[in-house]
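# What follows is a predicted protein model with its sequence.
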Amino acid sequence: MLDARDDGPAMASLGFPAPPADALLFRTAPGIRQAVSAALEGVRTVHHGHMGEFEILGPDRIKAIWAMQDIIRYPAGTPTPIKGFDGFGHYEDHDVRCDDKWLIESVGLTRLVLQPI
């Protein structure tokens with residue numbers, strides 16, 4: 001879970017098509033960790049993924065779209081032009097079943113609204 005800085009399940013690497021060009025795309029647990037850990041150092045976050053819509057792509061493949069909201073607040077004194085933001089958008093996950101375990105192949109994040117604080 002992102003807010004707990006937990007990698008969650010291992011991620012497979014099987015090559016689904018990428019989400020839209022304006023999305024952030026992560027293909028490995030270390031990739032997620034590297035991309036967000038420095039940016040979130042000392043930052044208060046609340047992050048919600050909910051209302052999943054699932055599409056079965058095959059017996060061992062699914063696509064999931066999750067509504068997303070995140071709230072980011074930077075610590076006082078942080079040299080940023082804003083105090084934080086509220087973001088709204090969605091995740092697009094591609095998952096695959098390997099050895100009777102569902103693994104995340106890729107996670108794409110698209111923000112539709114970004115409200116600075």
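Now that the structure is in, tell me what you want to look at. Numbers count the residues shown, from 1 in each chain.
# Please state the mean pLDDT value computed over stretch 67-79.
Across stretch 67-79, the average pLDDT comes to 91.
# What's the end-to-end length of that stretch?
30 Å (Cα to Cα, to the nearest Å).
# where's it relative to the chain centroid, distance-wise?
Here the centre of mass of C-alpha atoms in stretch 67-79, compared against the chain's by Cα atoms, centre = their mean, to the nearest Å, lies 15 Å away.
# repeat for stretch 65-83
Here the centre of mass of C-alpha atoms in stretch 65-83, compared against the chain's by Cα atoms, centre = their mean, lies 15 Å away.
# and for that stretch, what are the contacting residues?
Contact with stretch 65-83 is made by 40, 42-53, 84-93, 109, 111, 116-117, as judged by Cβ atoms under 8 Å, 6 or more residues apart in numbering. (Each C-beta comes from the backbone N, C-alpha and C, glycine too.)
# Tell me who's in contact with Gly52.
With contact set as Cβ under 8 Å, 6+ apart, Gly52 has these partners: 64-66.
# Tell me where the model's unsure across the protein.
Using pLDDT under 70 as the threshold, the predicted model of the chain has low-confidence ranges 1-29.
# How is the spatially most distant residue from the centre of it assigned, secondary-structure-wise?
Seen from the C-alpha centroid of the chain, the residue lying at the greatest distance (Cα atoms, centre = their mean) is Gly77, 27.1 Å away. With DSSP: H, G, I helix; E, B strand; the rest coil as the basis, Gly77 sits in coil.
# Just the terminal-to-terminal distance for stretch 78-90.
With Cα to Cα applied, stretch 78-90 spans 28 Å between its terminal residues.
# how about it: buried residues?
Within stretch 78-90, the residues scored as buried using 16 or more other Cβ atoms under 10 Å are 84-85, 87, 89-90.
# Check the offset of it from the chain's centre.
The chain centre lies 16 Å from the centre of stretch 78-90; the measure is Cα atoms, centre = their mean.
# neighbours of Glu41, just the number please.
Neighbouring residues of Glu41 were enumerated by other Cβ atoms under 10 Å; the total is 9.
# Please apply the same query to Ile104.
20.
# What separation do you get for it and Val96?
Using Cβ to Cβ, to the nearest Å, Ile104 is found at 8 Å from Val96.
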